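Asker: model the structure of this input:
(chains A and B)
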Amino acid sequence: MKTETTTTNLVAPVGMHDVLYPHSVRWEQVIATFANLVERAGFGLVISPLLEDIAVFNRGIGSESDVVRKEMYELSDRGGRHLALRPEGTASIVRAFVQHRPNIVWKAWYLTPAFRYERPQAGRYRQHHQLGVELLGTHDPEADIEIISLAGSFYRSLGIKKVKLSINSMGDSQCRPSYIELLKNLLSERKEQLCKEHEHRVELNPLRILDCKREECIQATADLPHLIDHLCSDCASHFATVQEGLADLGFEAEVNHRLVRGLDYYTRTTFEFSALMLQSAQNAIGGGGRYDGLVEALGGPPTPGIGFGIGIERLLLAADEEGVLPLPESSTDVFVIDIVGGHRARTLVHELRTHGIRAIRSFDNRSLKAQLKLANRSGARFALIVGPDEDRAEAVTIKALREDESQVSIKASLVTDYMKGLLG
RNA sequence: GUGACCGUAGCUCAGCGGUUAGAGCACCAGGUUGUGGCCCUGGGGGUCGGGGGUUCGAAUCCCCUCGGUCACCCCA
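Answerer: This next block holds a predicted model:
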């Protein structure tokens, strides 16, 4: 166990990153776009603790999943409680549902960091951030359609167009057990053909083997029957309705029978959005599915649910590749230059801001030249200059920074109204 | 968890056994006694990621370690 780093330079933990201005502006845009979209659809923001009793994830996500087996950040608090940082959003939201029992149908959205102890690489971090929604309390395939189409609409409204939607059905407690038995029987005869990781896991969770990307597993499972051909009639018609509904709304979904996903709670519909422009292996920019047994698994009454999570970092990588979501040019209107000590800038920016004008100033009594340089770089449209002359005359000089207009001097008391006019 | 490549100024990088470690950009000041962007001049900035070793001498070679990037697995 390492205790403390030996280097004197302190940096962010492995796989975790600072998002500085102006890059953070794009995060604000993404989050605002999402909130606007899902709130229009009746989802309400839910804020829940970053830490949960570790049982929330063990029982929720499934102790056989990779996320729980080897990727969780676990800790004990001073009272000896065994907690974990959330590795994804759904289990926590469902825990909150079980605790508070809101009226169904319950529609929640969230923004959360998610922690997974993995080796970082392009598009994969130990702390990433997810936007997501959960819809609890109905089996209606219309809910599936609403959820998936919302995610699709979100990408569209950001201008991200090169997106592929994959979809599958995991069946339910009626039809999945018999299919799993069938898989076990077929796979037990060819265990030795599977990859090292899955060779010994045929009995535990054979479905996961379908999702393995290793060549051995892909070959060994190539001729296996597909789950979607073994669905019970309820699941089959549910899946058919979801596909029809998505097509009806103009979202083309490609059935991928290997789309099992790593979280054990899924039933029936699962889906994933991948960014075609992302060359890296990590090109999934969103995904989710139905989890009709999860509320029960966490101690609540039998309640179906469906939701999705979208990774902000990968979304921004995809946006970069498509050349959308450019950084804004400026976040300020006016730069107040004071060369008589700084007290005039103090009152001027205060008054301008009070009236809704974005106004900044410099500190440390810099020279006129230095302050003009800062004003130019700030992207402000106008500089307000107060020197000894203006100070004496109780005036300010207004200088346009983006065009060659002659500057004007006006009474200080009229500045706010004048600037309002100039800025429209 | 496994593997590959890479760590020199705030950033991008040059230097790859031999004085006091450089460039471009960025930053600061001056040229212009009250006017930014362009230009010119000057300036501040470095435990050469860290530790150990080889050597008369190490940013340079070797070992370890930490960090970064990418890939596998899995996922957002």
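Asker: and the stretch 301-424 of chain A, which residues reach RNA strand B?
Answerer: Within reach of RNA strand B by CB under 7 Å from any atom of the strand, the stretch 301-424 of chain A has these residues: A:309-311, A:313-314, A:366-370, A:372-377, A:385, A:387-390, A:397, A:399, A:401-402, A:404, A:407. Any C-beta I mention is one placed from the backbone N, CA and C, and that applies to glycine too.
Asker: if any of those residues are buried, put those into a ChimeraX selection.
Answerer: Here is the ChimeraX command that selects the buried residues among those (16 or more other CB atoms under 10 Å):
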select /A:309,310,311,313,314,366,372,374,375,385,390,397,399,401
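Asker: which ones among the residues of the stretch 301-424 of chain A next to RNA strand B lie within helices?
Answerer: Members of those lying in helices (criterion: DSSP state H): A:313-314, A:368-370, A:372-377, A:388-390.
Asker: and the helices in the stretch 251-400 of chain A?
Answerer: Counting by DSSP state H, counting those that start in this stretch, the segments of the stretch 251-400 of chain A that form helices are A:294-297, A:312-322, A:343-354, A:368-378, A:388-393.
Asker: return the residues of the stretch 51-200 of chain A in contact with RNA strand B.
Answerer: Counting by CB under 7 Å from any atom of the strand, the stretch 51-200 of chain A sits next to RNA strand B at A:65-67, A:88, A:114, A:116, A:118-125, A:128, A:130, A:197.
Asker: again, only using 6 Å
Answerer: The stretch 51-200 of chain A has residues A:66, A:88, A:116, A:118-125, A:128, A:130, A:197 near RNA strand B, with proximity defined as CB under 6 Å from any atom of the strand.
Asker: that older thread, now the helices of the stretch 251-400 of chain A in CSV, with mean pLDDT?
Answerer: Formatted as CSV, these follow (pLDDT from 0 to 100):
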stretch, mean pLDDT
helix A:294-297, 95
helix A:312-322, 93
helix A:343-354, 96
helix A:368-378, 94
helix A:388-393, 95
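Asker: for those, give me a markdown table that also has distance to residue A:261.
Answerer: Shown next, in a markdown table, are these (distance: least, CB to CB, whole Å):
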| stretch | distance to residue A:261 |
| --- | --- |
| helix A:294-297 | 13 |
| helix A:312-322 | 16 |
| helix A:343-354 | 49 |
| helix A:368-378 | 47 |
| helix A:388-393 | 66 |
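Asker: closest approach to RNA strand B from chain A, which residue is it?
Answerer: Minimum separation of chain A from RNA strand B (CB to the nearest atom of the strand) falls at residue A:262, amounting to 1.4 Å.
Asker: show me what contacts that residue?
Answerer: Contact analysis of residue A:262 by CB atoms under 8 Å, 6 or more residues apart in numbering lists A:65, A:66, A:67, A:208, A:211.
Asker: and the furthest pair within these?
Answerer: A:67 and A:211 (13.2 Å; CB to CB).
Asker: host element of residue A:417?
Answerer: Taking DSSP states H and E as the definition, residue A:417 sits inside helix A:415-423.
Asker: now the angle from that helix to helix A:343-354?
Answerer: Using axes from the mean of the first three to the mean of the last three CA atoms, to 10 degrees, the inter-axis angle of helix A:415-423 relative to helix A:343-354 is 60 degrees.
Asker: I'd like to know which elements helix A:415-423 is packed against.
Answerer: In this structure, helix A:415-423 packs against helix A:343-354, strand A:382-386, strand A:395-400, with contacts taken as 3 or more CB pairs under 8 Å, 6 or more residues apart in numbering; DSSP states H and E.
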